[in-house]
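**Student:** Pasting the sequence and the predicted model now:
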Amino acid sequence: MVSPHTMPGQFIGFDGQQHQFSVLDQFGTVDCAKFRRQIFDRVGPLQSAAAASYLHAAQKNGHVAANSFLRNLDQKLSISESSFSLLSADGYRDVCDYASEVALACDWIRNSISDSSQLDYEETFQHLVLFIARFQIDPPSVRPDRSDLPAAINRLCCPLWWRRQLRKMQADRIESVARDLRQVHAKNSQYCSHVSTANCRVRKHANRNYLESKIAVNELDQEFTLSELSDLGVSNPAIRRYELITRVKGFESVSKLLGHEGVFITLTTPSKFHRMTKITVSDGKAVVVPNKAYAGLTPRDAQEYLSGLWAKMQAKFSRLQIKPYGFRIAEPHHDGTPHWHFLLFSSSENLQIISEVFHHYALQDSPSEKGARERRLKIEKIKQGINNKTGREYSAIGYLIKYICKNIDGYGVDNKNVHGGQDWANKNASDIAEKIEAWSRTHRIRQFQQIGGASVTVWRELRRLSEQDGELEALRQAAADGNWDQFVLLMGGPTVRRDEQTVRPSYAASQQIDKTSGVIVPATKTRYGDEAKERVVGVLYAGLTVLSRIHTWDVRDNEKLRLARQKIMDGIVEIVTEISEQNSHLYPAHIMSSFKSNSIPLGAPR
């Protein structure tokens, strides 16, 4: 398999042997060699993998087929009719710059079509749609009555909109190519490629820097950095982990109170979604090989397949008037293909029906393929009574806690005692968590989803409130104390409909400070000019809204951080200038003059 750790000018082929890049010169003409070198230079960190794939294709099908493969790979990693590469040296910064260039071109088209009195929105939009087709980007959707055409045009002329679209494309294309090149599996980079993991790490670092560079100030002149505010919510991995475990424990307590039982279910996809597969060879050692049944489908395709199955199951449960409650967790196989874990609670009779429904839908697609009945679905009833090994009562949380911790931050996970056949055996837990986070972000896969139960939005909003009265105070206290079981029961139970729960979220237009007048006004429009979605402002109880979000915030630059960075840069320039002046006799006068004139602190006006 291809390894990222090779000497310059070398790569490891699919035969496991080390090769010089010059071995490819035996295939094709001089022009073919030039063609290969150009593409290898463009694919950067994937060039060794691309070389291994080229060698394999050329040996098996000849250099023409290998050239065609390499050309398709290059097209996937480039934007059509553009020299822009999605694998550029500084992908994060380059995407930002390219987004600004494309947005500027769209703005030029808009201005060139408009006349002095009236902008023809329909004509402008159609011209822009034709223009952006070359980038393989879908235009913003518009309503049938075309009333939001101006907003759609504004989006197409906005660098931020283009940045989001290009980053999605970049993430999808790079990971798709990496999987095609056999880079994502247990023996190389499990769950997510090295390239995508590194890109996610860069974006995460950039996001953190941005949050630290901004402060939020409310009407009381209280100020906090956005990073401080972010750390107070579920964006903080420790808080997210703790909250999930609290809710799972709460559901289990509710199930015992109601006489319900639990079941742990693992649902996987058909073989056609899996790029690589593990097999056991004669000496008992596991090896990874390409899956012959693979149909070129992505992890995102697999996620949509599983979502479709679950939607059908939920519809069936609704027809049968069965309402299970619990959690669903999505996590990757070693090659990045997702599978789902469910922890569901219901009556013993309902659990039997639930199991039958899962069996029916899990085997609808390719039921006769090898291993389908053994691997497609696993159902394990949560044990009851006392565990003889630990002397403690069996608990549903024991089934799910390792998946929660493993998929968030690796806290408390000991992979040294894991069975050797598992993907994460003997590997650093935090590294595994980082890989899984990169996987979920790259493929935009939601990892955790609550099934049934009370509104977690209400749970979080109640914790913002001060002391209340009566039933609302009991709910607030349950939320503040982390008693999910008590909270669920006070809300009407784990199976009550959302619109029948005791308390519901309350939505309204958000507010902002008019920077010209200083007056607080409702924010009814987005930056693009269309109607802004209403946001949670509190909770609705007994027909009345109790506000939980009472402050109005204004986000500004963090002046302290900017000045601190400027001071550091000033200090560096002073040191470099001092060293240069002390050694001025070593340099020609014209070079020294040029150096001094360019010694300007980062961010200072020139």
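**Tutor:** Sure thing, it's come through. Just so it is clear, the model here is predicted, and its values are computed rather than measured.
**Student:** domain ranges for this structure?
**Tutor:** Domain assignment for the chain, taken from automatic domain parsing, gives 91-170, 259-449, 456-556, 559-597.
**Student:** ok, which stretches of the stretch 151-300 of the chain are strands?
**Tutor:** Using DSSP state E, counting those that start in this stretch, the strands of the stretch 151-300 of the chain run over residues 214-218, 223-225, 261-267, 276-280, 286-290.
**Student:** In a markdown table: those strands, plus distance to V546.
**Tutor:** Any C-beta I mention is one placed from the backbone N, CA and C, and that applies to glycine too. Shown next, in a markdown table, are those (distance: least, CB to CB, whole Å):
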| stretch | distance to V546 |
| --- | --- |
| strand 214-218 | 19 |
| strand 223-225 | 24 |
| strand 261-267 | 34 |
| strand 276-280 | 53 |
| strand 286-290 | 56 |
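**Student:** Of these, give the one that comes closest to T524.
**Tutor:** Nearest to T524 among the strands of the stretch 151-300 of the chain is strand 214-218 (20.8 Å), distances taken as CB to CB.
**Student:** mean confidence score for that closest one?
**Tutor:** Mean pLDDT, strand 214-218: 91.
**Student:** same question, stretch 550-569
**Tutor:** Per-residue scores along stretch 550-569 average to 72.
**Student:** Kindly report the same for stretch 133-145.
**Tutor:** pLDDT averaged over stretch 133-145 gives 91.
**Student:** So for it, what gets flagged as buried?
**Tutor:** Within stretch 133-145, the residues that count as buried by 16 or more other CB atoms under 10 Å are 135, 137, 139-140, 142.
**Student:** Put the alpha carbons of stretch 240-256 into PDB.
**Tutor:** These are the backbone C-alpha positions of stretch 240-256, laid out as PDB (Å, rounded to 0.1, in the frame of the first residue of the first chain):
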ATOM      1  CA  ARG A 240     -20.800  18.200  24.400                       C
ATOM      2  CA  ARG A 241     -19.600  14.800  25.800                       C
ATOM      3  CA  TYR A 242     -21.000  15.500  29.300                       C
ATOM      4  CA  GLU A 243     -24.300  16.600  27.900                       C
ATOM      5  CA  LEU A 244     -24.700  13.500  25.700                       C
ATOM      6  CA  ILE A 245     -23.800  11.100  28.500                       C
ATOM      7  CA  THR A 246     -26.300  12.900  30.800                       C
ATOM      8  CA  ARG A 247     -29.100  12.500  28.300                       C
ATOM      9  CA  VAL A 248     -28.400   8.900  27.700                       C
ATOM     10  CA  LYS A 249     -28.300   8.200  31.400                       C
ATOM     11  CA  GLY A 250     -31.600  10.100  31.800                       C
ATOM     12  CA  PHE A 251     -33.300   8.100  29.000                       C
ATOM     13  CA  GLU A 252     -32.200   4.900  30.700                       C
ATOM     14  CA  SER A 253     -33.700   6.100  34.100                       C
ATOM     15  CA  VAL A 254     -36.900   6.900  32.300                       C
ATOM     16  CA  SER A 255     -37.100   3.500  30.600                       C
ATOM     17  CA  LYS A 256     -36.700   1.700  34.000                       C
END
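**Student:** burial measure for I12, as a count.
**Tutor:** Applying other CB atoms under 10 Å, we find 19 residues neighbouring I12.
**Student:** That one against L55, yeah?
**Tutor:** No - look at I12 against L55 with CB atoms under 8 Å: they stay out of range, at 10.3 Å.
**Student:** quick one: common contacting residues for those two?
**Tutor:** Counting by CB atoms under 8 Å, 6 or more residues apart in numbering, the shared contacts of I12 and L55 are H19.
**Student:** can you list the weak-confidence ranges in the stretch 251-400 of the chain?
**Tutor:** For the stretch 251-400 of the chain, the stretches with pLDDT under 70 are 284.
**Student:** let's go with 90 and repeat that
**Tutor:** Along the stretch 251-400 of the chain, segments meeting pLDDT under 90 span 278-287, 371, 383-400.
**Student:** Can you list the buried residues in stretch 33-49?
**Tutor:** 33, 35-36, 39-40, 42-43, 45-49.
**Student:** does R556 count as helix, strand or coil?
**Tutor:** Secondary structure assignment for R556 (DSSP: H, G, I helix; E, B strand; the rest coil): strand.
**Student:** show me the contacts for it.
**Tutor:** If you count contacts by CB under 8 Å, 6+ apart, then R556 has 214-217 around it.
**Student:** repeat for I436
**Tutor:** 191-192, 331-332, 406-407, 447.
**Student:** Now a PyMOL select for only the buried ones of those.
**Tutor:** Remark: buried members of these, expressed as a PyMOL selection using 16+ other CB under 10 Å:
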select buried, resi 191+192+331+332+406+407+447
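**Student:** so can I have JSON lines of the contacts of I436 showing secondary structure?
**Tutor:** Output for the contacts of I436, formatted as JSON lines (three-state DSSP):
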{"residue": "Y191", "secondary structure": "coil"}
{"residue": "C192", "secondary structure": "coil"}
{"residue": "E331", "secondary structure": "strand"}
{"residue": "P332", "secondary structure": "strand"}
{"residue": "K406", "secondary structure": "helix"}
{"residue": "N407", "secondary structure": "helix"}
{"residue": "Q447", "secondary structure": "coil"}
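**Student:** among the contacts of I436, which two are most distant?
**Tutor:** C192 and K406 (14.5 Å).
**Student:** one step back: can you say which of the domains of the chain is nearest to V202?
**Tutor:** Of all the domains of the chain, domain 91-170 comes closest under CB to CB, at 5.0 Å.
**Student:** Might you quantify the distance of that closest one from its chain's geometric centre?
**Tutor:** Put simply, domain 91-170 sits 25 Å off its chain's centre (CA atoms, centre = their mean, to the nearest Å).
**Student:** Using a markdown table, lay out the strands of the stretch 151-300 of the chain together with mean neighbour count and distance to R392.
**Tutor:** Converted to a markdown table, the strands of the stretch 151-300 of the chain look like this (neighbours: other CB atoms under 10 Å; distance: least, CB to CB, whole Å):
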| stretch | mean neighbour count | distance to R392 |
| --- | --- | --- |
| strand 214-218 | 17 | 45 |
| strand 223-225 | 16 | 42 |
| strand 261-267 | 21 | 16 |
| strand 276-280 | 16 | 34 |
| strand 286-290 | 14 | 33 |
